[in-house]
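Q: for reference, the sequence and a predicted model appear below.
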Amino acid sequence: MRRSTAFFGLLVLLLTQLVSPAQAATWEPGPARFAVTEANDVPVPMADGTVIKADVLRPDAPGTYPVLLAQTPYGRADLHEDLSYFVRRGYVAVISDVRGTGGSGGQWVPFAPIERQDGAALVRWAAALPGSDGDVGLNGGSYVGINQLTTAAAVGPNSPLKAIFPVVAGNDLYRDLAAMGGLPNAEFMPLWELLTGLRTVTQPVLDALNSGSPAALLAALTTELQHLGGLGAGTVPLLTGEFTGGEQAFDEDYWQSRNPANVLGDVVANGIPAYLVGGWNDLFQRGALMNYAALQNAWAGRPVTAPMAPGQAATSRYQLLMGPWYHDPTGEIDLHPIELAWYDHWLKGVDTGITDTTKPLHANVFGTGDWVDTATYPFTGAQATTYYLGAGRTGTAPRSANDGTLTTSPPSGSGTDWITWTPTSSTCTRSTAQWLGGFLPNPACDTTNLDREQGPGSLVYTSAPLTQPSVLAGPITASISAQANTLDTMWVVTVTDVGPDGSSQPLTEGALIGSQRETDSSRSWYSPNGKLLMPYHPYTRQSEKWVVPNEITRYDVEVFPTFAQLAAGHRIRVVLTTADTPHLTPTLTQLPRLLGGIYQVKTPASSITLPLAPLSAFTG
């Protein structure tokens, strides 16, 4: 995990911006006051008879305390140290195994809707524990953070649940995690599914062997049989379906029934405040911002799937900290003080000042140590600007096949740039680290895109130097007009920051399989001046439409959002490739229609919409 240069700046932000000036001088995280006592392997029966296993951590002092609950598929022991921070400061902590994992009974089917019912039942159970004062908060990141959102939607109004703090949690699991542009995520998903699925099978026996109890080993074997069933019911169908073109390869019932996006309105209706944490290099780079906009819109009585309106007032009940990290921010920032300020406010009634803000979106300016407090997403102040792809050589990408131009006015005349479909691309780019969760970063590759900018499967378009610093802020759409000799096409769009020294630092990317080019205008986002900011492709079997060979076709590619400052003298570059290895791969049904593909990109009919503004537009 890379260390952020913004670490100390963020701690200053905590004390000066996330809390009011008056409170910054008076509130700070209290010292550890209690030792921690543990009761492990506590059985909690669910409505269908499945027994969930939980560990309960308590302060070693009489009294009643709020409870923090975390539901994990990765093993309870991994969270003891993290949750103990809060127990030492006057909280009870409950750590439970998701059904079908660890010591819990049942079968693990990833993100199964029944986990929401389990979560609601665990909230009620935790609220009634000895030593509980009846109020509950939720804690945890990634899968555990997603469970926070879906549990908060399931508990109903007037429940014991009073606050959540989801860290790196997704919004739309198909678009955020399983696929990009209708192409399966081949880097993260198979590895995660297999490792997590195998852990569900091995964990019960390992725990029993560690206990040294024959009775525990016998009970573990019974649990093991249930978990083995989960491999067949959940892990294997998901893995095979994604890559063979089965139901999991499309955004239909399987993913729609699991998406947090579809229940965020219920989180607000249930009166539960949420502090979100996301990352510009995270798997859920897109999803964290979508969650923020949805919660703010629900609070304002607006559609949860819509963009926030320019200048829309925001409530401090729903905040987002969007930082420069990959999927695990804990290597770069200690979130405990911010979490404690949030929990102390909502669960203990302490005026920590964390809600004293009218700008609850706290965004790192990607690539810098600067932070901006703002209110809306898309970012109010960014002007959606169309840049046209043009022919000619700029001299800035000498290894590129075309070295084309990127201009705000369409170049005169028309041109054609040729590109071929390639099954692989260079792995030396930020994409490789991002879509492995940042767990195996490669500093030599994470900040360069140059190896992707050469060869027959790549086209490069570069702007003139910027005359003043500009921030690229928000969702981006690349509209590619092209004809192909095949029944399908594959497009990967990367936006980079080109320095005067010729470096090309990747900022963000997007992709699209051509057969899923259909756009739903009612779900797409548009800028105030009517430009397409974020296309919404249904990605269903019904919306799949093969490409007509040799017919000019438009492809609107969703490029994930960023908030990156480009210095004066730097250039914006758009790189088109036909592969993103190892991140994306076509399904077995898509692959035959791509083989032998040769595409003709039409310029200047092809363009990209970039929301740009000076940094001052977001700091006023």
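A: Everything's here; your move. Note that the coordinates shown come from a computational prediction; the quantities given were computed from them, not determined experimentally.

Q: can we go C-alpha only for contacts and neighbour counts from here?
A: OK.

Q: ramachandran angles for Pro586?
A: phi -70, psi 150 (degrees, to the nearest 10).

Q: what's the burial count for it?
A: When neighbours are counted by other Cα atoms under 10 Å, Pro586 registers 23.

Q: contacting residues for it?
A: Leu183, Pro184, Phe243 (Cα atoms under 8 Å, 6 or more residues apart in numbering).

Q: surely the last one is in contact with Pro184?
A: Yes - in this structure, Phe243 is within contact of Pro184 by Cα atoms under 8 Å, at 6.7 Å.

Q: who touches both of those two?
A: Ala249, Pro586, Thr587.

Q: strands - which of the contacts of Pro586 land there?
A: Secondary structure from DSSP state E places Leu183, Pro184 of the contacts of Pro586 in strands.

Q: all the strands of the stretch 451-600 of the chain, residue numbers only.
A: 458-463, 470-484, 490-498, 504-513, 525-526, 532-534, 553-566, 571-577, 598-603 (DSSP state E, counting those that start in this stretch).

Q: give me the pLDDT for the residue nearest the centre of the chain.
A: In the chain, the centroid-proximal residue (Cα atoms, centre = their mean) is Phe284; its distance is 0.8 Å. If you check Phe284, the pLDDT there is 98.

Q: give me the mean pLDDT for the longest helix seen in the chain.
A: Longest helix of the chain, by residue count under DSSP state H: helix 189-211. Averaged over helix 189-211, pLDDT sits at 85.

Q: who does it touch, helix- and strand-wise?
A: helix 214-230, helix 236-244 (3 or more Cα pairs under 8 Å, 6 or more residues apart in numbering; DSSP states H and E).

Q: in TSV, list those along with mean neighbour count.
A: Output for these, formatted as TSV (neighbours: other Cα atoms under 10 Å):
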stretch	mean neighbour count
helix 214-230	18
helix 236-244	18
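
Q: buried stuff in stretch 451-469?
A: In terms of neighbour count (16 or more other Cα atoms under 10 Å), stretch 451-469 has its buried residues at 451-464.

Q: again with stretch 335-355
A: For stretch 335-355, using 16+ other Cα under 10 Å, the buried residues are 337-347, 351-355.

Q: mean confidence for that stretch?
A: 97.

Q: quick revisit: distance to Gly105 and pLDDT added to the contacts of Pro586, as TSV?
A: Formatted as TSV, these follow (distance: Cα to Cα, whole Å; pLDDT from 0 to 100):
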residue	distance to Gly105	pLDDT
Leu183	34	98
Pro184	31	98
Phe243	29	96
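
Q: tell me which of the contacts of Pro586 is nearest to Arg541?
A: Minimum distance to Arg541 across these is 13.3 Å, recorded for Leu183 (Cα to Cα).

Q: so what's that closest one bridging to?
A: When assigned by DSSP bridges, Leu183 has beta-bridge partners Met180.

Q: quick one: residues contacting it.
A: Taking Cα under 8 Å, 6+ apart, one finds Ala511, Leu512, Ile513, Leu584, Thr585, Pro586, Thr587 in contact with Leu183.

Q: next up, the contacts around the last one.
A: Yep, that's Thr587 we're talking about. For Thr587, the contact set (Cα under 8 Å, 6+ apart) comprises Leu183, Pro184, Glu242, Phe243, Thr244, Gly245, Ala249.

Q: with the fourth one instead?
A: With contacts taken as Cα under 8 Å, 6+ apart, Leu584 has the following neighbours: Ala179, Met180, Leu183, Pro184, Asn185, Ala186, Glu187.

Q: which one of those sits closest to Asn210?
A: Among the contacts of Leu584, Glu187 lies closest to Asn210 (Cα to Cα), at 33.2 Å.

Q: how many other residues sit next to the closest one?
A: Glu187: 19 neighbours (other Cα under 10 Å).

Q: okay, and for the stretch 201-350 of the chain, where does confidence drop off?
A: Confidence mapping of the stretch 201-350 of the chain against pLDDT under 70 gives the ranges 211-212.

Q: just the strands in it please.
A: With DSSP E, counting those that start in this stretch as the criterion, the stretch 201-350 of the chain has strands spanning 274-279, 318-323.

Q: the inter-axis angle of the first one versus strand 553-566?
A: Interaxial angle of strand 274-279 relative to strand 553-566 (axes from the mean of the first three to the mean of the last three Cα atoms, to 10 degrees): 90 degrees.

Q: just checking: what are the partner strands of strand 274-279?
A: So strand 274-279, judged by DSSP bridges, has these partners: strand 161-167 (parallel), strand 318-323 (parallel).

Q: can you tell me the closest non-neighbouring residue to Phe34?
A: Arg88 (4.5 Å; Cα to Cα, 6 or more residues apart in numbering).

Q: was I right about that neighbour contacting Gly30?
A: No - assessed by Cα under 8 Å, Arg88 is found out of contact with Gly30, at 9.5 Å.

Q: who has more neighbours, these two?
A: Arg88 (21 against 11).

Q: what's the spacing between the more buried one and Pro337?
A: Remark: distance between Arg88 and Pro337 (Cα to Cα, to the nearest Å) = 13 Å.

Q: residue contacts, Leu79?
A: Contacts of Leu79 (Cα under 8 Å, 6+ apart): Ile95.

Q: per-residue pLDDT, it?
A: 97.

Q: ok, now Ala25?
A: Taking Ala25 on its own, its pLDDT is 43.

Q: repeat for Gly413
A: 86.

Q: what is the neighbour count of the closest residue to it other than its chain neighbours?
A: Nearest residue to Gly413, sequence neighbours excluded (Cα to Cα, 6+ apart): Pro604, at 8.0 Å. For Pro604, the neighbour count with other Cα under 10 Å is 24.

Q: isn't Pro604 up against Gly415?
A: Yes - if you go by Cα under 8 Å, Pro604 and Gly415 touch, sitting 7.1 Å apart.

Q: list residues touching both of these two?
A: With Cα under 8 Å, 6+ apart as the test, Pro604 and Gly415 both reach Gly390, Ala391.

Q: between the shared contacts of Phe243 and Pro184, which is closest to Arg523?
A: Of all the shared contacts of Phe243 and Pro184, Arg523 sits closest to Ala249, with 20.5 Å by Cα to Cα.

Q: separation between the closest one and Ala32?
A: 48 Å.
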